[in-house]
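Undergrad: What shape does this take:
(one chain, ligands or ions: 1)
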Amino acid sequence: MKTGKTQGYVLTFRCINCGKHEVFAQYPSEGIEAEARIRARIYQVTCNSCGWCGDACGLSAICVSRTAELKARAAGQGPGL
Ligand SMILES: [Zn+2]
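TA: This is a model prediction of the structure:
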């Protein structure tokens with residue numbers, strides 16, 4: 001049965017074009033993954049600010065955070081305070 005929610009990790013990158021921290025990548029995972037393993041991958045990313053897109057290595061991510069609700073457009077909607 002599906003829960004309707006996808007667990008995983010969100011990686012935040014600094015945009016190499018505009019310099020803003022508006023570049024996000026997702027790593028879907030139902031369990032706990034070692035951060036080193038997540039960072040070892042290459043992600044296809046798009047900047048929410050300037051629209052730049054390209055590849056980013058997880059090693060250059062500013063932040064890796066776990067989320068219980070991965071969404072296709074999780075980034076750019078704000079923290080929802
Ligand atoms: Zn940008």
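Undergrad: so what does the helix or strand containing V64 touch, helix or strand wise?
TA: In the assignment (DSSP states H and E), V64 maps to strand 63-67. Applying 3 or more Cβ pairs under 8 Å, 6 or more residues apart in numbering; DSSP states H and E, one finds that strand 63-67 makes contact with strand 8-13, helix 35-39. C-beta: built from backbone N, CA, C; applies to glycine.
Undergrad: With respect to the ion, which of the ones you listed lies nearest?
TA: When the helices and strands packed on strand 63-67 are compared by Cβ to the ion, strand 8-13 sits nearest the ion, at 9.7 Å.
Undergrad: hey, which of the helices and strands packed on strand 63-67 is tucked in deepest?
TA: strand 8-13 (a mean of 20; mean count of other Cβ atoms under 10 Å).
Undergrad: check contacts around K71.
TA: By Cβ atoms under 8 Å, 6 or more residues apart in numbering, K71 lies in contact with T6.
Undergrad: how about it, secondary structure?
TA: Three-state call for K71 (DSSP: H, G, I helix; E, B strand; the rest coil): coil.
Undergrad: How much space separates it from the ion?
TA: From K71 across to the ion, the span is 21 Å (Cβ to the ion, to the nearest Å).
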